[in-house]
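Asks: Provided below for reference: sequence and predicted model.
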Amino acid sequence: MSNIYKYFSVNVDSEEKRIIDSSDILDQKLEKISDELEEEPKPWLTENFYETDGDENPGVEGLVRDEDGQTEEYVDDGGGFDSNPPIADEETYDDSAMREEMMGHLQEEIDQMRSEAVADIQAELDTLRMQAREEGQKAGYDQGFAQGHAEAMAILEEEKARLKEMEKEYDLNIQAVEPLFVDKLTSIYQHIFQVDLSEHRDIILHLIDTTIHSIETGKNFIIRVSKDDIGFVTMQKSKLLGGLNEVTAEIVEDATLQKNECLIETEGGIFDCSLDVELEALSKKLKLLSYHS
């Protein structure tokens with residue numbers, strides 16, 4: 001993985017921003033060395049000069065006297081001064097050599113300073129790079145966590161809303177389906193009663209018996225049945241009236257009635273206990289229960 005960070009991928013506070021100028025650091029150190037060199041004594045510039053008394057000018061002779069105070073004479077051979085003047089006993093200084101030596105020392109110090117400055121700059125850059133990487137990683141982690149949390153919460157809210165909508169749709173479907181179920185069950189009952197149960201002769205007896213025992217007013221009954229049921233119902237008269245005290249019943253044939261149809265007349269009114277009427281009542285009860293639920 002590369003350790004190089006692009007400036008636009010690192011967020012740095014403008015108040016904490018630092019600019020490193022290596023040229024500025026090097027100039028400051030060179031200026032310091034120059035000041036130190038100016039303060040150091042330079043014996044090579046003063047050792048060959050003679051001290052004088054104030055403003056006295058020693059002249060040329062004074063400058064060329066030997067150790068005994070005698071003036072050295074130089075003979076002009078027509079070519080100027082003697083090409084082989086006597087060598088002075090005192091040590092002489094070579095300015096060019098000294099200058100080269102100083103420049104060499106100065107260059108060494110400059111190179112050392114440059115190396116130190118580069119090392120300092122590199123160390124500071126590494127520190128800043130490490131700090132920026134840590135801050136970038138932390139900022140990226142925090143940002144990623146916040147973004148992931150927000151996305152998860154958004155998905156959760158979306159799923160809750162979708163579930164609520166599904167429950168609402170389910171309730172609506174149930175409300176719409178219940179009447180259909182009632183109609184279907186009613187048709188099933190009708191089919192069973194009219195096709196299968198209608199063949200059982202006991203069904204009419206059950207209808208008559210249930211109706212008679214539910215009548216609270218009247219003691220005299222006229223039971224009207226169809227031609228198909230008159231014989232069987234007459235045979236079961238004693239069974240129908242069993243348990244009823246002081247009740248009289250007359251069974252008559254009614255040509256307007258169909259099989260499994262029956263009318264019971266009392267002092268309080270006429271009760272229809274036909275099979276189709278019972279089925280219709282059952283259907284109404286089922287629909288009523290469906291409405292209340």
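Replies: Sure thing, it's come through.
Asks: longest helix in this structure, by residue count?
Replies: Using DSSP state H, we find that the single longest helix of the chain is helix 95-191.
Asks: who are the packing partners of that helix?
Replies: Using 3 or more C-beta pairs under 8 Å, 6 or more residues apart in numbering; DSSP states H and E, the elements in contact with helix 95-191 are helix 22-39, helix 275-292. Every residue, glycine included, has its C-beta placed from N, CA and C.
Asks: least confident of those, on average?
Replies: Of all those, the minimum mean pLDDT falls on helix 275-292 (a mean of 58).
Asks: what about Gly104, distance to Ile33?
Replies: 14 Å (C-beta to C-beta, to the nearest Å).
Asks: can you check Asn220 too?
Replies: Applying C-beta to C-beta to Asn220 and Ile33 gives a distance of 144 Å.
Asks: more neighbours: which of Gly104 and Ile33?
Replies: Ile33 (14 against 10; other C-beta atoms under 10 Å).
Asks: please name the nearest non-neighbouring residue to that one.
Replies: Counting by C-beta to C-beta, 6 or more residues apart in numbering, Glu109 is the residue found nearest to Ile33 once chain neighbours are left out, at 6.0 Å.
Asks: how much space between that neighbour and Ser96?
Replies: 20 Å.
Asks: and what of Glu165?
Replies: Distance from Glu165 to Ser96, by C-beta to C-beta: 99 Å.
Asks: who's more crowded, those two?
Replies: Glu165 (10 against 7).
Asks: on the pLDDT front, check the closest residue to Asp228 other than its chain neighbours for me.
Replies: In this structure, Asp228 finds its nearest non-sequential neighbour in Lys259, 4.3 Å apart by C-beta to C-beta, 6+ apart. Each residue has a pLDDT score; the one for Lys259 is 79.
Asks: picking up where we left off before, isn't the residue nearest to Ile33 right up against Lys32?
Replies: No: counting by C-beta atoms under 8 Å, Lys32 is not a contact partner of Glu109; they are 10.3 Å apart.
Asks: burial check on the residue nearest to Ile33, number of neighbours?
Replies: Neighbours around Glu109, by other C-beta under 10 Å: 15.
Asks: could you check how far the residue lying closest to Lys227 once chain neighbours are set aside is from Ile230?
Replies: Nearest non-adjacent residue to Lys227, counting by C-beta to C-beta, 6+ apart: Glu253, 5.8 Å away. To Ile230, Glu253 is 4 Å away according to C-beta to C-beta.
Asks: am I right that Val252 is in a helix?
Replies: No: under DSSP: H, G, I helix; E, B strand; the rest coil, Val252 sits outside any helix and is assigned strand.
Asks: surely it touches Ser226?
Replies: No: here Val252 does not reach Ser226: they are 11.0 Å apart, not a contact under C-beta under 8 Å.
Asks: least confident secondary structure element in the protein?
Replies: Within the chain, confidence by mean pLDDT, DSSP states H and E is lowest for helix 59-63 among all helices and strands, at a mean of 49.
Asks: helix/strand/coil for Leu257?
Replies: coil.
Asks: quick one: it from Val118, how far?
Replies: 122 Å.
Asks: just Leu172 next, same as before
Replies: Using C-beta to C-beta, Leu172 is found at 79 Å from Val118.
Asks: which one of those two has more residues nearby?
Replies: Higher neighbour count among Leu172 and Val118: Val118, with 13 against 10, using other C-beta under 10 Å.
Asks: Ile222: how many residues sit nearby?
Replies: Residues lying near Ile222 (other C-beta under 10 Å) number 15.
Asks: that one and Glu253: what is the separation?
Replies: The value you get for Ile222 to Glu253, if C-beta to C-beta is used, is 12 Å.
Asks: now do Gly104
Replies: 151 Å.
Asks: then Glu108?
Replies: Taken as C-beta to C-beta, the span from Glu108 to Glu253 is 145 Å.
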